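[1] here is my input, please return the structure:
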Amino acid sequence: MVVKCEREETKTSNYKNMAVAPVKETPVFAEVDMGDDSSSPTVRATIVQASTIFYDTPATLDKADRLLAEAAGYGSQLVVFPEAFVGGYPRGSNFGVAIGNRTAKGKEEFRKYHAAAIDVPGPEVDRLASMAGKYKVILVMGVIEKEGYTLYCTVLFFDSQGCYLGKHRKIMPTALERIIWGFGDGSTIPVFDTPIGKIGAAICWENKMPLLRTAMYAKGIEIYCAPTADSRDLWQASMTHIALEGGCFVLSANQFCRRKDYPPPPEYIFSGMEEELTPDSVVCAGGSVIISPSGTILAGPNYDGEALLTADLDLGDIARAKFDFDVVGHYARPEVLSLIVRDHPANPVTFTSASAKNEDLHES
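    All right, here's what the predicted structure looks like:
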């Protein structure tokens, strides 16, 4: 059973770019002088750049356990995994879709993808919670969630005591993602107040949505997690902008994948490019990065392979940055510009009998 903590929606940072540690290899620590100021607390954070074991969720969870053990060995208090690490990011697949047609092979591909997704709550969530508790880390994990037969690209949050805190569902899948993933609603845009700071997440191109970012800033986010599948150089500009705009730390974790990390053809086809690929071809180059509220790069971006990137975050940097610019504080103009967030669940079906039953219980 998942232990669900009723903790809600904040703290983090003195920077040392602690590490770019290749997975399963001798760690390489790239030290950056952090100065002598010890007046504000620091948090050691690690972002994971590694590939899913596609279509094999138990093996992926085993891999997550090994990576968490390694990160905990560096003294990390917070570990962030990439988008869709559990369940997989179906890069290159079109699921046999054309306008007006879906192929039998594409439907079978979706069946297999659905089978690799996880229920929330469910046994895989229990296991992730257990890992967080075992290694005494706050865990932010990208998963593919299934509710019935609809899938969601989701981030799960766990505290260092092994409690499942809650989730964020991607509210806007990008391009062809919309044929396989449902849309999250305003009820899952949490910012959790933890012993190391206020932590939340936006997934991949959600991070380009100014109103979503503003909602998270309004909740006081301090450690902004950005699991992604975008390895382009341009992504770095977005991450730096968010750090400066929000006066927060940005931790962006991406997978590093080669063609051989996916099933071989003809079981799995990279549409339009399969013929050009070899087993060692890089299909997602990573680019994971940690950025301070002042826009300083603390770790990464890494494009070399699977790695753990670790940095010490000086929480005092948040106040230093907010002194310059507080987007929902002293730099806001609510009498001119304001935002309304509909943060209730958007259920497609509501049963009046259930509502009446709840009212009767309340009255009694």
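[2] select the longest helix from the chain.
    When the chain is scanned for its longest helix (criterion: DSSP state H), the result is helix 57-73.
[3] what is the following helix or strand past that helix packed up against?
    Heading C-terminal from helix 57-73, the first helix or strand you meet, by DSSP states H and E, is strand 78-80. Counting contacts by 3 or more Cβ pairs under 8 Å, 6 or more residues apart in numbering; DSSP states H and E, strand 78-80 is packed against strand 42-49, helix 57-73, strand 138-147. Quick note: C-beta positions are derived from backbone N, CA and C, even for glycine.
[4] returning to that earlier point: list the buried residues for the longest helix of the chain?
    Thr57, Thr60, Leu61, Lys63, Ala64, Asp65, Leu67, Leu68, Glu70, Ala71, Ala72 (16 or more other Cβ atoms under 10 Å).
[5] Gln236: how many residues sit nearby?
    Gln236 has 17 neighbours, counted by other Cβ atoms under 10 Å.
[6] next structured bit after the helix or strand it falls within?
    For Gln236, the host element (DSSP H and E) is helix 234-246. From helix 234-246 onward toward the C-terminus, using DSSP H and E, the following helix or strand is strand 249-252.
[7] so for the longest helix of the chain, mean pLDDT?
    In this model, helix 57-73 has a mean pLDDT of 97.
[8] that helix versus strand 138-147: what angle between them?
    170 degrees (axes from the mean of the first three to the mean of the last three Cα atoms, to 10 degrees).
[9] and the host helix or strand of Phe323, what other elements does it pack with?
    According to DSSP H and E, Phe323 maps onto helix 316-324. For helix 316-324, the elements it packs on are strand 13-22, judged by 3+ Cβ pairs under 8 Å, 6+ apart.
[10] please repeat the previous calculation with a cut-off of 10 Å.
    On a contact count with 3 or more Cβ pairs under 10 Å, 6 or more residues apart in numbering; DSSP states H and E, helix 316-324 meets strand 13-22, helix 234-246, strand 249-252.
[11] confirm for me that Ile318 is in contact with Val250.
    No - taking Cβ atoms under 10 Å as the definition, Ile318 is not a contact partner of Val250, at 12.0 Å.
[12] common neighbours of the two, please.
    When contacts are counted by Cβ atoms under 10 Å, 6 or more residues apart in numbering, Ile318 and Val250 are jointly contacted by Ile223, Ser292, Pro293.
[13] any idea how far Pro279 is from Gly272?
    Going from Pro279 to Gly272 by Cβ to Cβ, to the nearest Å gives 18 Å.
[14] circling back to that earlier point, now the helix holding Phe323 against helix 234-246, angle please.
    Here the directions of helix 316-324 and helix 234-246 differ by 70 degrees (the same axes, to 10 degrees).
[15] put the alpha carbons of helix 316-324 into CSV.
    Listed next in CSV are the C-alpha coordinates belonging to helix 316-324 (Å, rounded to 0.1, in the frame of the first residue of the first chain):
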residue,chain,number,x,y,z
GLY,A,316,20.2,31.7,-0.3
ASP,A,317,20.4,32.3,-4.0
ILE,A,318,16.6,32.3,-4.2
ALA,A,319,16.3,35.5,-2.0
ARG,A,320,19.2,37.1,-3.9
ALA,A,321,17.4,36.5,-7.2
LYS,A,322,14.0,37.6,-5.9
PHE,A,323,15.5,40.9,-4.7
ASP,A,324,16.1,41.7,-8.4
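[16] show me what counts as buried in it.
    By neighbour count on 16+ other Cβ under 10 Å, the buried set for helix 316-324 is Gly316, Asp317, Ile318, Ala321, Lys322.
[17] now stretch 266-280
    Quick answer for stretch 266-280 (16+ other Cβ under 10 Å): Tyr268, Ile269, Phe270, Leu277.
[18] if I read this right, the second one contacts Tyr262, doesn't it?
    Yes - A contact is recorded between Ile269 and Tyr262 when judged using Cβ under 10 Å, the distance being 9.5 Å.
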